[in-house]
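>>> next one to model:
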Amino acid sequence: MKECAQELELSLRRRKGGDSGLTSEVDAYMVSRKKINSAIRKCLRNLRRKERNCITALDNNSNLTNMISTLRGVQEISLVVFESILSFISQPKARSKPSGWSIISKLLQSKRVSCEVEIEVNEVEKIDAELLILKSSKDVSISQLQKLLKGLEALESSIQEAEEDLECIYRRLVKTRHDARMIMSNFYEAKAAKILLPPKSIAIQKLKKLSNYYELQLLHPARGSI
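Numbers count the residues shown, from 1 in each chain. Alright, predicted model coming up:
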């Protein structure tokens, strides 16, 4: 997506105010966006399938049930974050496929209120709307180009932030998986040795602490730290 925006930005910087419309540039951008949205839809389907197949409690042991419940919480948070980022990038075409004028209307309104929650139009939607407007214009002024370039810079900045946050999330997921495997390994070793684990075992407390930390850091990421 970032490369797609960068290619459009380079193409626009080669133009001058007063040139003819941006039909070729817009069409090239939209073709790339269509391919990206197709890939995103596939990812979203896979995420939702994983969400439906989320693991359930494996037996009636209270320790194992608590562990599975906590791990499910970690998984659900991850799925929500990934789906949110993918939906942000794919808006608006990968979801409801609104008409061009519907997008433009959202841009002109700047924001809308739904169920008493104010939702800002994101950078992806703004770029799509502005491109549709400029595509229909016979002449493109310098001010219009500058506005579009500024929007592309904002979009690239948002994508860069998303990439950095995803990198942090990936590192935390790896750490969570490692710690969870160690806890489960200790649990099964204790079970094989017929050692009864109390409901408030150290393993459960450690996993809950890990989950709480993970949720806090995932929702309020501090880049570069784990």
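
>>> where does pLDDT dip in this structure?
For the chain, applying pLDDT under 70 flags the ranges 15-21, 51-68, 70-71, 91-121, 187-188, 190-226.

>>> top helix in it by residue count?
Using DSSP state H, we find that the single longest helix of the chain is helix 142-192.

>>> what packs against that helix?
If you count contacts as 3 or more Cβ pairs under 8 Å, 6 or more residues apart in numbering; DSSP states H and E, helix 142-192 packs onto helix 2-13, helix 62-90, helix 123-135, helix 202-219. (Glycine included, C-beta is placed from N, CA and C.)

>>> what's the angle from it to helix 2-13?
170 degrees (axes from the mean of the first three to the mean of the last three Cα atoms, to 10 degrees).

>>> how far off helix 123-135 does helix 142-192 point, in degrees?
Using the same axes, to 10 degrees: helix 142-192 against helix 123-135 is 150 degrees.

>>> buried ones in stretch 2-16?
Cys4, Ala5, Leu8, Glu9, Leu12 (16 or more other Cβ atoms under 10 Å).

>>> which member of those is positioned nearest Tyr29?
Distance to Tyr29 across these (Cβ to Cβ) is lowest for Leu8, with 4.7 Å.

>>> tell me who's in contact with the closest one.
By Cβ atoms under 8 Å, 6 or more residues apart in numbering, the contact list for Leu8 reads Glu25, Ala28, Tyr29, Leu152.

>>> over to Leu12?
Leu22, Glu25, Leu145, Leu148, Leu149, Leu152.

>>> are any of those residues buried, and which?
Applying 16+ other Cβ under 10 Å to those flags Leu22, Glu25, Leu145, Leu148, Leu152 as buried.

>>> for the fourth one, give its distance to His178.
Leu148 is 45 Å from His178, where distance means Cβ to Cβ, to the nearest Å.

>>> again, but for the first one
Between Leu22 and His178 the distance, using Cβ to Cβ, works out to 50 Å.
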